[in-house]
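Trainee: return atomic coordinates for the entry below.
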Amino acid sequence: MEGALPFRLVVEHPLPEVRLRIQRGHDELLAPSHEDAEATVFEFTLRVVTGREGTLVLRGPEVQGGQSDRFVYVNWGVRAGDKESRWDRRAKVSLRDLTSSVLQELLQTPGAVIEARIEGTGDDGGPACASVEMLGGGWRVVRGERS
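Mentor: Residues are numbered from 1 along each chain as shown. This is a model prediction of the structure:
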């Protein structure tokens, strides 16, 4: 199984007036496809390739980390390009739990995307940071419409 796969990451309850972006590579940023008071939505495409020993490997400019520990960074404030922000944080959203069965389900569901949701506000009241838990059971296949 190889090809380009659509992904959506939804940040629920982002802090108002704090810029957030997904990190692309080392120094590029991906702007959201949708923003409102309830959620910020990022849509992007990752490639899946067959790695060593038949394992599936996700690739693309949004993917960070080593082959066995892939993840996506959500950057806040200064790291999101707002030099005047008081916030300089990033949240790490793991791709580790994406199984071949989830990827196969996506391929068999026309118009679907792989989606995950995270809480945008951390326990301290600031932007979520460090490794974050995904809401609703993690990465899942959903119809293409924003949910």
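
Trainee: okay, V49: pLDDT?
Mentor: According to the model's per-residue confidence, V49 sits at a pLDDT of 85.

Trainee: can you report how many residues lie near it?
Mentor: The local packing of V49 (other C-beta atoms under 10 Å) involves 12 other residues. For every residue, glycine as well, the C-beta is placed using N, CA and C.

Trainee: tell me the strands beside the lengthiest strand in the chain, with direction?
Mentor: In terms of residue count, the longest strand belonging to the chain (DSSP state E) is strand 39-50. In its sheet, strand 39-50 lies beside strand 3-12 (antiparallel), strand 34-35 (antiparallel), strand 56-59 (antiparallel), with partners assigned from DSSP bridges.

Trainee: I'd like these written out as JSON lines, with mean neighbour count and mean pLDDT added.
Mentor: Formatted as JSON lines, the strands paired with strand 39-50 follow (neighbours: other C-beta atoms under 10 Å; pLDDT from 0 to 100):
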{"stretch": "strand 3-12", "mean neighbour count": "19", "mean pLDDT": "94"}
{"stretch": "strand 34-35", "mean neighbour count": "14", "mean pLDDT": "96"}
{"stretch": "strand 56-59", "mean neighbour count": "16", "mean pLDDT": "84"}
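
Trainee: the protein: strands as residue ranges?
Mentor: When secondary structure is read from DSSP E, the chain shows strands at 3-12, 20-24, 28-30, 34-35, 39-50, 56-59, 71-77, 88-94, 112-119, 130-131, 134-143.
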